[in-house]
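model this:
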Amino acid sequence: MKKILFFVGLLGFMTTAQAAQNFVLCMEGSPSSFNPQLVSDGVSMNSSSQAIFNRLVEFKKGTTEIESGLAESWTISKDKKTYTFKLRKNVSFQSNDFFKPSRVFNADDVVYTFKSQMDKKHPLAIPAANYEYFKAMELDQLIANVKKADDFTVIFELKRAEAPFLADLAMDFASIQSEEYANTLIKNGKGLKTLEIQPIGTGPFVFKSYQKDSTIRYKAFEQYFRGKVKIENLIFVIVTDSTVRLQKMKAGECNVMTEPQPQDIDQIKALKNIKLVSTEGINVSYVAFNTQKKPFDNLKVRQALSLAMNQKSYIDLIYRAQGTAAKNPIPPTMWSYNKSTAAIAYDVTKAKALLAEAGFPNGFDTELWTLPVSRPYLPNGKKLGELMQADLAKVGVKVKLVTYDWPVYLEKSKKGEHQMIQFGWTGDNGDPDNFMNVLLGCSAVQAGSNYARWCNQEFDTLLQKAKVDSAQGSRTIFYEKAQVIFTKEKPWFPIAHAKLNKVISDKVIGYTIDPFGHEQFESVDLK
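Modelled structure (predicted):
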């Protein structure tokens, strides 16, 4: 009876006929914002860009291949520094209670979307916004100009050739916003912060409401340019506890569940009316040492702590058969992965000796921030933290475990307030640059996505050379050399590369697991 009451309450006392049009995703965390320009975490991206927005180019469903989005075609100059996009016509923007668009999508929206991220003095730039991902990708330094040739032609002029540029434009931060909506917000005194809580896009679903830490509701967009989707009401239910998510899945309260725990996989496979869908994840989990804080600015300390943590036990206990040991910042499925770098070693005696050489014969006190939510790359941050805490105690390092709500965790870590921190990454475009540069490049320190706060000029120079060169063979050599430096300098303790698992009802039709971890419901339906 309780299950029936919960479901009726969730759907707002809808009739049986109406309830059949509802699709429920039970997900692991709350979004930090509904503006995809301002987020870098998967929960926020899935809650905003994937449901509500489109991009000039997009990834073909379930692949890393580029296809047309809001741009129906494009050309690239011989010197690879000028990209000309022909835009789709008759694409409608969504509306809400205080905004009704007076025109269709056009070149003005594209120019606004990118120029507001490029120039903090732009009249429609969000005050105090960092535009973290845009800056971490160094697009503020790459793009010389974005200009409108006519209403349906946009030209990007680059300062240099950039191999991953087209793939970059398929990423969440490049979601196209409405210039008219932004101007309306300013004119009506609502302010551009409204973009974070009342988003407007061209995508398959219209944002309806968000009950903090509970429920997000969307409705099918009637004028969607690819045709109205089959799901009428899309509902994201936020359930941070994976055990509770699985219970709801069993009870039929979810159609799709994110981030099952590895220890539950065998149980899930045996259940009736439920399916497990899996793929190799383009991801990595790690502990970042904040190299701007003592004693982690000392290489010997980083080496010692890396030797003191038992990676194999973490994978056996946390990931089980759902993860493989990491040693590089990119996964082994990605081109340019360096097979020759040394695997992570475990040597307590050597760790103690290195700490003594570094001036800490009796260890020291520190903090480790543990992930508050299950992520595709790390299913249980709290348990992992406890294992690491016990290991480091063996070499005299006393670790206090700290955590925060997910949005706060993200905000504070971007500012570098941590000492050691658990994090991870699921690739967004299939290019090594999306890992190496975004997570470890010098520009990413200021942008806030380099949680090690590590800037190595030799490493960074190799990344810059790899970005400019368009030949994959040459780029591979640069990235392989960079991985050697990473292994030597140890800004991270790499942990694992995890399989990507989702749990779906057997009533779900057309669901494809996405290699980037995106939740896409544009072509999904229920039996």
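
so where's the protein uncertain?
1-20 (pLDDT under 70).

next secondary structure after the longest strand seen in it?
Longest strand in the chain by number of residues (criterion: DSSP state E): strand 492-505. Tracing the chain past strand 492-505, the next element assigned as helix or strand by DSSP states H and E is strand 508-509.

can you list the strands that that following strand pairs with?
strand 525-526 (antiparallel) (DSSP bridges).

quick one: contacts of the strand it pairs with?
The contact list for strand 525-526, computed with C-beta atoms under 8 Å, 6 or more residues apart in numbering, reads A20, F23, K230, I231, N255, S505, K507, V508, I509, G510. All C-beta atoms are positioned from the backbone trio N, CA, C, and that covers glycine.

could I get those residues as a markdown table with neighbour count?
Shown next, in a markdown table, are the contacts of strand 525-526 (neighbours: other C-beta atoms under 10 Å):
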| residue | neighbour count |
| --- | --- |
| A20 | 12 |
| F23 | 25 |
| K230 | 17 |
| I231 | 22 |
| N255 | 23 |
| S505 | 19 |
| K507 | 13 |
| V508 | 18 |
| I509 | 12 |
| G510 | 13 |
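
would you mark the buried spots in stretch 36-54?
Across stretch 36-54, burial judged by 16 or more other C-beta atoms under 10 Å covers 36-54.

where do the strands sit along the stretch 1-150 of the chain?
22-27, 57-59, 66-68, 71-76, 82-87, 143-150 (DSSP state E, counting those that start in this stretch).

equivalent analysis for the stretch 301-450 of the chain, please.
Along the stretch 301-450 of the chain, the stretches classed as strands by DSSP E, counting those that start in this stretch are 323-325, 365-369, 398-402, 420-426.

got the angle for the longest one vs strand 398-402?
Counting by axes from the mean of the first three to the mean of the last three C-alpha atoms, to 10 degrees, strand 420-426 lies at 50 degrees to strand 398-402.

adjacent strands (with direction) for strand 420-426?
If you go by DSSP bridges, strand 420-426 pairs up with strand 283-289 (antiparallel), strand 365-369 (parallel).

what secondary structure does M249 sit in?
Assigned with DSSP: H, G, I helix; E, B strand; the rest coil, M249 falls in the helix class.

show me what contacts the residue nearest to it when sequence neighbours are not counted?
Nearest non-adjacent residue to M249, counting by C-beta to C-beta, 6 or more residues apart in numbering: M257, 4.5 Å away. The contact partners of M257, by C-beta under 8 Å, 6+ apart, come to L25, C26, R245, L246, K248, M249, K502, V503, I504.

mind checking which of the buried residues of stretch 36-54 are in helices?
G42, V43, S44, M45, N46, S47, S49, Q50, A51, I52 (DSSP state H).

list the contacts of the first one.
Read it as G42. Per C-beta under 8 Å, 6+ apart, neighbours of G42: R375, P376, T426, G517, H518.

in TSV: the ones in helices among the buried residues of stretch 36-54, plus distance to K350.
Converted to TSV, these look like this (distance: C-beta to C-beta, whole Å):
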residue	distance to K350
G42	37
V43	39
S44	41
M45	41
N46	42
S47	45
S49	45
Q50	46
A51	50
I52	51
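
okay, buried residues for stretch 370-386 please.
370-381, 384-385.

what about stretch 195-206, how long is it end to end?
By C-alpha to C-alpha, to the nearest Å, the extent of stretch 195-206 from end to end equals 13 Å.

any idea how many residues pack against the closest residue to S313 other than its chain neighbours?
Leaving aside its sequence neighbours, S313 sits nearest to L387 (C-beta to C-beta, 6+ apart; 6.6 Å). By other C-beta atoms under 10 Å, the residues close to L387 number 16.

swap in K148?
Neighbours around K148, by other C-beta under 10 Å: 16.

is it true that it touches K115?
No. Counting by C-beta atoms under 8 Å, K148 sits too far from K115 to count as a contact (10.5 Å).

residues near K89, how many?
So K89, with other C-beta under 10 Å, has 12 neighbours.

so how far is E222 from it?
Using C-beta to C-beta, to the nearest Å, K89 is found at 18 Å from E222.

packing partners for the longest helix along the chain?
Ranked by residue count under DSSP H, the longest helix found in the chain is helix 472-489. Counting contacts by 3 or more C-beta pairs under 8 Å, 6 or more residues apart in numbering; DSSP states H and E, helix 472-489 is packed against helix 433-440, helix 457-468.

and the last one, which residues are buried?
Residues F459, D460, L462, L463, Q464, K465, A466, K467 are the ones in helix 457-468 that count as buried (16+ other C-beta under 10 Å).

with stretch 275-293 instead?
Counting neighbours by 16+ other C-beta under 10 Å, the buried set in stretch 275-293 is 276, 279, 281-291.

next up, the contacts around the residue of the chain positioned farthest from its centre.
Ranked by distance from the centre of the chain (C-alpha atoms, centre = their mean), the top residue is P361, with 39.3 Å. When contacts are counted by C-beta under 8 Å, 6+ apart, P361 touches L355, G396.

repeat that for the one 4 residues further on.
With contacts defined as C-beta under 8 Å, 6+ apart, the neighbours of D365 are V397, K398, K400.

check I274 too.
M249, K250, I268, V503, I504, S505, D506.

next one: the first one from S33, what distance?
Using C-beta to C-beta, one obtains 27 Å as the distance from M249 to S33.

those two: who's more crowded?
M249 (24 against 20).

tell me how many other residues crowd the spatially closest residue to H418 that is not a sequence neighbour.
Nearest residue to H418 in three dimensions, chain neighbours excluded: W369, at 4.9 Å (C-beta to C-beta, 6+ apart). Neighbours of W369 under the rule other C-beta under 10 Å: 26.

what bridges to W369?
Here W369, judged by DSSP bridges, has bridge partners V402, I421.

that one touches V399, doesn't it?
No. The pair W369 / V399 is not scored as a contact, 10.6 Å apart, by C-beta under 8 Å.

what sits in contact with each of those two?
Overlap of the contact sets of W369 and V399 (by C-beta under 8 Å, 6+ apart) consists of M420.

hang on, the earlier thing: measure the residue nearest to M249 to D41 for me?
19 Å.
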